[in-house]
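1. Mind folding the following:
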Amino acid sequence: MSEARMALTVLPEAMAICRLGPDEPGPGWLSNGGFYCLTHTGESLTVVTQEDGVPEQVECDRGWRCLEVRGPLALNLTGVLASLTAPLAWAGVPVFVISSYETDFLLVKESMLTQAKRALEQAGYVIFG
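-> Here you go, the predicted model:
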C-alpha cells in the first residue's frame with residue numbers, strides 16, 4: 001500500500017450497531033446525511049448508524065467510533081484488513097468491520113479508541129481526528 005493509503009480518519013459521531021428482524025424494512029429513522037450501513041441476512045437486518053438517531057427501544061450496542069481508511073482503495077488490493085486488524089488484535093481491541101466500494105471502516109468501542117489509535121500508530125498508520 002502507498003503512503004497515501006496509510007491514514008485513517010476518526011469520524012466525529014458516536015455509532016450504534018443495531019439488530020432488526022430479517023423481515024423488517026430499512027428503518028425510517030436512519031440519518032440520510034450521515035454514515036450508515038445496512039446488511040441483510042436470513043437471521044437479521046444489521047444497521048450501523050449514528051447513535052443519536054436510534055430510538056431507545058431498538059436492540060443495539062451503542063458507544064462505537066468509526067475509523068475510515070482514507071481511500072479510495074483499489075478493489076484488487078490484498079491484506080488491507082489484515083494489516084489493520086492485526087495490531088488491534090495484539091492490543092486486545094475488538095473490531096467491527098465494514099467495507100464499501102471505495103474503502104474500509106473499522107468500528108471500535110469508544111472506551112478503547114485511544115488504545116486503538118495507539119496500536120495503529122505504532123503499526124505505521126497516521127490517524128486524523
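2. Report the separation between T85 and K109.
-> From T85 over to K109 the distance is 15 Å, taken as CB to CB, to the nearest Å. Every C-beta, even on glycine, is put in place using the N, C-alpha and C of the backbone.
3. so where is this protein shaky, pLDDT-wise?
-> Low-confidence segments of the chain, defined by pLDDT under 70: 1-5, 31-32.
4. Would you map the strands across the chain?
-> 7-10, 15-20, 36-40, 45-50, 60-69, 96-99, 104-109, 126-128 (DSSP state E).
5. In terms of secondary structure, what does the second one contact?
-> Contacting strand 15-20 under the criterion 3 or more CB pairs under 8 Å, 6 or more residues apart in numbering; DSSP states H and E are the following elements: strand 45-50, strand 60-69.
6. mind giving me TSV with those strands and columns for distance to S99 and mean neighbour count?
-> Listed next are those as TSV, based on distance: least, CB to CB, whole Å; neighbours: other CB atoms under 10 Å:
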stretch	distance to S99	mean neighbour count
strand 45-50	12	20
strand 60-69	9	20
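7. Show me the contact partners of stretch 48-58.
-> Residues outside stretch 48-58 that contact it (CB atoms under 8 Å, 6 or more residues apart in numbering): 13-18, 20, 27, 29-31, 34-37, 60, 62-64, 96, 98, 107.
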